[in-house]
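Enquirer: after the sequence you'll find the predicted model.
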Amino acid sequence: MVRRRRAKIVATVGPASASPEMLKALFLAGVDTFRLNFSHGTQEDHATVHAAIRSLERELQSPIGILMDLQGPKIRVGTLRDNKITVRSGETIRFVRFGSEGDGSAIPLPHQEIFAALAPDDDLLIDDGRIRVRAKNLGNDFIEAEVIVGGTISNHKGVSLPGTILNLSPLTQKDRADLEFGLRLGVDWVGLSFVQKPSDVIEARALIGERAGLMAKIEKPAALERIDDIIQASDAIMVARGDLGVEIPPEDVPGRQKELVRACRLAVKPVIVATQMLDSMISAPTPTRAEASDVATAIYDGADAVMLSAESATGQYPCQAVEMMDRIIRSTEQHKMYRSIIEATQPNEEQTLPHAVAAAAADLASAIGAAAIVAYTSSGTTAARVARKRPKVRILATTTSIEVSRRLCLLWGTHSALSEHVQSYEEMVSRAIELAKREEFDAAGDTLVVVCGMPLGLGGTTNNLRVVSVS
């Protein structure tokens, strides 16, 4: 199915969207990749959804991406006396590792990593930042802290430490079990939560290998300090603005979003902008104007994809949310300001032959009004190099690998299609014309720009460019 837009849509599957009928409706409405959130649901639940998506893929003969999102380490307070306590600004409270009474003098915090890493004047944020406390007096098994912003703490509320790097693996025992389960199923992407440093990505890569793409979720301030190394170690990035916006000032989030999108374009890695994009559509059939503007901003930034979370997982209007996101993307990409903004934020190409050839293909196709850029790609790299340029012309990426075809469902401006391995240069040209006609790209013009690597089938080369006539 050829989308009439360049940016892609990721939708989270949950109780509101898990049925085969709803999955099909969401795909037809515009979803390119489905997200399975392993923070919720059982492995059996996710296996059922995975099977339904693959069945839909066979029915519609169109590749569909599946992203499994690992829960990651969750730091929470323990059980409190009377299930909750109220703390007030200016008072002193005490956290303890064990032996807790569950009141303000002994709030259970059963995480040794915090006690080992916290320093005086470090902040702890509780319940998505609604409560802020500052460490003052520290011991091996206690933390005395001043309440900066008070409120009510209830059982098992989350705790964030924005200024502290914890000696904590991003993969819990649950994550490791879920990861192996998802890889056996055949997911296309693995989302790694709470990445703090490049070694977190390397640790996950050792388990994943090449069985799926590795997507680092940027939601910790520590990750921003090593972001270039994290991007290089990853296959894609998710700008997880919800948790990131808890740990850095809200006014800094928009600028950080632009930095991350630009850095990913420079590194030729797909980037998703996520969290609360159409949040009001959880319970309303239309978004706020500010939410529509938020989605459009991500598109103007040049993001490869935008994501729905609770809107499609538990909301009352999952299909309407996807349709609305699709409409916003198409309207933004057709706006007279879009092209000038995208070109103004274009990162410089690397001075290498593969990048130069891909950039030349994009510029040439735009200049002559080609029907499409046909990118022969064995790993997805050639298509990604072309997409980095954000060309005016659509990209038809052809590959012999169904796994690569599914991963390309995240890549900006790219329509992926399976093709048999070609044996010669002449066959490559004729096959490109056949594919363009089959996928209905030839109606846009009478020429194609074909880009590939020679010898054929050797990943990452991107060294050949040709203009061919469709007729």
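Expert: Structure's in. What do you need? Numbers count the residues shown, from 1 in each chain.

Enquirer: parallel or antiparallel, which strands does the helix or strand Ala11 falls within pair with?
Expert: Using DSSP states H and E, the element containing Ala11 is strand 8-13. If you go by DSSP bridges, strand 8-13 pairs up with strand 33-37 (parallel), strand 305-308 (parallel).

Enquirer: Met337: which of those is closest?
Expert: Met337 lies closest, by CB to CB, to one member of the strands paired with strand 8-13: strand 305-308, at 18.3 Å. C-beta here means a position set from N, CA and C on the backbone, and glycine is covered the same way.

Enquirer: what average pLDDT does that closest one get?
Expert: Mean per-residue pLDDT for strand 305-308: 98.

Enquirer: tell me which of the strands paired with strand 8-13 is the most buried.
Expert: strand 305-308 (a mean of 26; mean count of other CB atoms under 10 Å).

Enquirer: identify the residues contacting that strand?
Expert: For strand 305-308, the external contacting residues (CB atoms under 8 Å, 6 or more residues apart in numbering) are 7-12, 32-33, 35, 238, 270-275, 277-278, 295, 298-299, 318, 321-322, 325, 329, 410, 412.

Enquirer: the helix or strand just after that strand: how far from the chain's middle?
Expert: Sequence-wise, the next helix or strand downstream of strand 305-308 (DSSP H and E) is helix 310-313. Centroid displacement of helix 310-313 relative to its chain, using CA atoms, centre = their mean, to the nearest Å, is 15 Å.

Enquirer: how about the helices in the stretch 51-200 of the chain?
Expert: Under the criterion DSSP state H, counting those that start in this stretch, the stretch 51-200 of the chain contains helices at 112-117, 173-185, 198-208.

Enquirer: among those, which is nearest Arg132?
Expert: Among those, helix 112-117 sits nearest to Arg132 (CB to CB), with 15.3 Å.

Enquirer: and the closest one, what does it pack against?
Expert: strand 142-149 (3 or more CB pairs under 8 Å, 6 or more residues apart in numbering; DSSP states H and E).

Enquirer: just the buried residues of the strand it packs on, please?
Expert: Buried residues in strand 142-149, counted by 16 or more other CB atoms under 10 Å: Phe142, Ile143, Ala145, Glu146, Val147.

Enquirer: need these in CSV with distance to Phe181 and pLDDT, can you?
Expert: Listed next are the buried residues of strand 142-149 as CSV, based on distance: CB to CB, whole Å; pLDDT from 0 to 100:
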residue, distance to Phe181, pLDDT
Phe142, 38, 92
Ile143, 36, 94
Ala145, 39, 95
Glu146, 44, 96
Val147, 42, 96
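
Enquirer: returning to what we had before: can you lay out the strands paired with strand 8-13 as CSV showing distance to Leu138?
Expert: Below are the strands paired with strand 8-13 laid out as CSV (distance: least, CB to CB, whole Å):
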stretch, distance to Leu138
strand 33-37, 35
strand 305-308, 38
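
Enquirer: hang on, the earlier thing: buried sites along the following helix or strand past the strand holding Ala11?
Expert: Using DSSP H and E, the helix or strand that follows strand 8-13 towards the C-terminus is helix 20-29. By 16+ other CB under 10 Å, the buried positions in helix 20-29 come out as Met22, Leu23, Lys24, Ala25, Leu26, Phe27, Ala29.

Enquirer: which strands and helices sit next to helix 20-29?
Expert: Checking 3+ CB pairs under 8 Å, 6+ apart, helix 20-29 ends up next to helix 43-60, helix 318-334.

Enquirer: quick one: that helix to strand 8-13, angle?
Expert: Taking axes from the mean of the first three to the mean of the last three CA atoms, to 10 degrees, one finds that helix 20-29 is oriented at 160 degrees with respect to strand 8-13.

Enquirer: mean confidence for helix 20-29?
Expert: 98.

Enquirer: with stretch 234-251 instead?
Expert: On average, stretch 234-251 scores 93.
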